[in-house]
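> no letters, just coordinates:
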């Protein structure tokens, strides 16, 4: 375990290097799935690695080892994590869990609020037109979701462009793009090194929606 426990940390350093090339060159749907899965797997794996480093360092103390019925002598012989490494890993683990829990709570609140707002919006075929001269269009996830378009946006587009715009926003709802963004952000919250993957996913879902709208 001495080397294997560090592998997720090493992969977390390498993964962001390939995020942008993958987002630009790979088919957008596949790229989105790969980036999301990578962020989740690496976020989980690095959290586990930090936990193992913290535990194998701390159980060298007989008092702490006794709590889990471990052998302090065996821990020192087989998995001798330095106390400084264990302390740093413990601090990073605490920060990772705290950030992930905070992000999950905020995202759950945001999605719940969006779903309630969407349910209260009167719409025709899921389309809500708001009276606003500023050009704007966005999708609100919910059961069902809503596509919100301002009058200013509609006035700037011809009929063909309107169909493309609506198809683009509808793609975000149909493919549940908000879920991919939330999951990659969760992985990045647990491991900040993975933030480039979350950024890349916001790009690939737009490419995905553009292809869908064609």
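Nice, thanks for sending it over. Treat the numbers as computed from the prediction; the structure is a model and nothing was measured. Residues are numbered from 1 along each chain as shown.

> and the pLDDT for residue 76?
For residue 76, the model assigns a pLDDT of 50.

> which residues of this protein score low on pLDDT?
Residue ranges of the chain with pLDDT under 70: 1-2, 57-83, 123-124, 213-214.

> repeat that with 80
1-5, 54-87, 111, 114-126, 130, 142-145, 212-214 (pLDDT under 80).

> spatially central residue in it, please.
Nearest residue to the geometric centre of the chain (Cα atoms, centre = their mean): residue 184, 1.7 Å.

> show me what contacts it?
Residues near residue 184 by Cβ atoms under 8 Å, 6 or more residues apart in numbering: 35, 36, 39, 40, 194, 197, 198, 201. For the C-beta atoms, the positions are set from N, CA and C on the backbone; glycine is no exception.

> how about the strands in the chain?
Along the chain, counting by DSSP state E, strands occupy 127-130, 137-140, 146-150.

> one step back: can you redo the contacts of residue 184 as JSON lines with neighbour count?
Compiled in JSON lines, those are given as follows (neighbours: other Cβ atoms under 10 Å):
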{"residue": "35", "neighbour count": "30"}
{"residue": "36", "neighbour count": "24"}
{"residue": "39", "neighbour count": "30"}
{"residue": "40", "neighbour count": "17"}
{"residue": "194", "neighbour count": "27"}
{"residue": "197", "neighbour count": "30"}
{"residue": "198", "neighbour count": "22"}
{"residue": "201", "neighbour count": "30"}
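
> closest to residue 46 among those?
Among the contacts of residue 184, residue 194 lies closest to residue 46 (Cβ to Cβ), at 8.4 Å.

> just checking, that closest one touches residue 14?
No. Contact criterion Cβ atoms under 8 Å: residue 194 and residue 14 do not qualify, at 11.1 Å.

> that older thread, out of the strands of the chain, nearest to residue 10?
Smallest distance to residue 10 across the strands of the chain (Cβ to Cβ): 37.7 Å, for strand 137-140.

> what's that closest one packed up against?
Other elements packing on strand 137-140 under the criterion 3 or more Cβ pairs under 8 Å, 6 or more residues apart in numbering; DSSP states H and E are helix 83-120, strand 146-150, helix 159-174.

> these: which one's closest to residue 24?
Proximity to residue 24 (Cβ to Cβ) singles out helix 159-174 among the helices and strands packed on strand 137-140, at 19.1 Å.

> what residues does that closest one touch?
Outside helix 159-174, the residues within contact range by Cβ under 8 Å, 6+ apart are 126-127, 137-139, 141, 145, 147, 149, 153-154, 157, 177-178, 205, 208-210, 212-213.

> distance from it to the middle of the chain?
On the basis of Cα atoms, centre = their mean, to the nearest Å, helix 159-174 is displaced by 24 Å from the centre of the chain it belongs to.

> that one vs strand 146-150, what angle?
Taking axes from the mean of the first three to the mean of the last three Cα atoms, to 10 degrees, one finds helix 159-174 and strand 146-150 inclined to each other by 140 degrees.
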